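Trainee: Sequence first, predicted coordinates after that:
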Amino acid sequence: ERKKERKKERKKERKKQKKAERGYSYSMMSELSGVPLGTIQKIFSGETTHPRYDTLMALEKLFQDPPALHENYAYSTKHAGTCTVDDYYALPEDQRRELIDGTFYDMSAPSVLHQRICGEIYRQFSNYILEQGGKCLPLMSPLDVQLDRDNKTMVQPDMIVLCENQEEKLCSWGIYGAPDFVLEVLSPSTKKKDCFKKLSKYADAGVLEYWILDPYQKKLLVYFFEEDVIYPRICGLSQPVPVNIYHGELLIDFSHLASWLS
């Protein structure tokens, strides 16, 4: 019995070593092997000491040379920069990813706080548009936006407002082209992508205004690309913030959010 336990421990250590060598994250291992993410985390943390045989075999294939990939991860054999919208649509339904310049980026499920923030800002935009009899259309994620109208980029902003050229941009599957306004609410896993990669993509694609809300620092970065400035206006959440595409007539009140973030 002790021999079996020692053998199992050695196997587990070899898997950890291989994981480190290949640079696998737990989410990558899940997608490569088809084993649920939670199961993998429990195995490697030691919480699950006796995994099922088929689970062990699936992970064993992952650490072969070369690894035997799960069929759902076939698209990942493509090099970064070469993936297309066809690959995006071929993803399994339970996988959330964005495609930017031919490269896939993971999207974790949003937290309750994240959804409350997006919903509150969406509500204020929607109420203002209804009250003013406006034509603009506010929409929340999940929503596909084929930002550059090419086959290399498909993003899912947290919230958008579409005003101009609705007839040609609004499709049954999502948005074809650049929205007028975009909001992204930061999380630790998306901060770098939202603040750098997507910032340049939105500016180049023709988005007029881009808001980045950091709930951890309680700060809002406002980019208005119609102005010849490359730096954002940095706002706290203690005062209402004017929306530039409405010439400052719409003020977004963050007082509800402040209590959620305390």
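Mentor: Great, that's in hand. Residues are numbered from 1 along each chain as shown.
Trainee: Name the nearest residue to the residue positioned nearest the centre of the chain, sequence neighbours excluded.
Mentor: In the chain, the residue lying closest to the centroid (CA atoms, centre = their mean) is residue 107, at 3.5 Å. Nearest residue to residue 107, sequence neighbours excluded (CB to CB, 6 or more residues apart in numbering): residue 96, at 3.9 Å. Where you see a C-beta, it was placed from the backbone N, CA and C, and this is true even at glycine.
Trainee: you'd agree the residue nearest to the centre of the chain is up against residue 98?
Mentor: Yes - with contact defined as CB atoms under 8 Å, residue 107 counts as touching residue 98 (5.9 Å).
Trainee: For the two, list the residues in contact with both.
Mentor: Here residue 107 and residue 98 have residue 156 as joint contacts, going by CB atoms under 8 Å, 6 or more residues apart in numbering.
Trainee: where does the stretch 1-150 of the chain have low pLDDT?
Mentor: 1-25, 28, 31-32, 62-79 (pLDDT under 70).
Trainee: Show me where it has its helices.
Mentor: Here the stretch 1-150 of the chain has its helices, by DSSP state H, counting those that start in this stretch, at 2-22, 26-33, 37-45, 53-62, 85-89, 112-132.
Trainee: Check the stretch 151-262 of the chain too.
Mentor: All helices of the stretch 151-262 of the chain, identified by DSSP H, counting those that start in this stretch, fall at 166-169, 191-192, 198-205, 255-261.
Trainee: which stretch among the ones you listed comes nearest residue 239?
Mentor: For residue 239, the closest of the helices of the stretch 151-262 of the chain is helix 255-261, at 9.4 Å, according to CB to CB.
Trainee: In the closest one, which residues are buried?
Mentor: For helix 255-261, the neighbour count (16 or more other CB atoms under 10 Å) marks residue 257 as buried.
Trainee: before we move on, the earlier item: compare the helices of the stretch 151-262 of the chain and say which comes out lowest on pLDDT.
Mentor: Mean pLDDT values for the helices of the stretch 151-262 of the chain show the minimum at helix 255-261, a mean of 82.
Trainee: Show me what that helix is packed up against.
Mentor: Secondary-structure packing of helix 255-261 (3 or more CB pairs under 8 Å, 6 or more residues apart in numbering; DSSP states H and E): helix 112-132.
Trainee: Distance from the chain centre to the helix it packs on, please.
Mentor: 19 Å (CA atoms, centre = their mean, to the nearest Å).
Trainee: ok, residues contacting that helix?
Mentor: With contact meaning CB under 8 Å, 6+ apart, helix 112-132 is reached by 110, 134, 136-138, 140-141, 158-159, 161, 183, 185, 187, 213, 215, 243, 246, 250, 252-253, 256-257, 260-261.
Trainee: how many neighbours does residue 186 have?
Mentor: 21 (other CB atoms under 10 Å).
Trainee: I meant residue 214, not that one.
Mentor: Residue 214 - counted by other CB under 10 Å - has 18 other residues nearby.
Trainee: Appreciated, that's everything.
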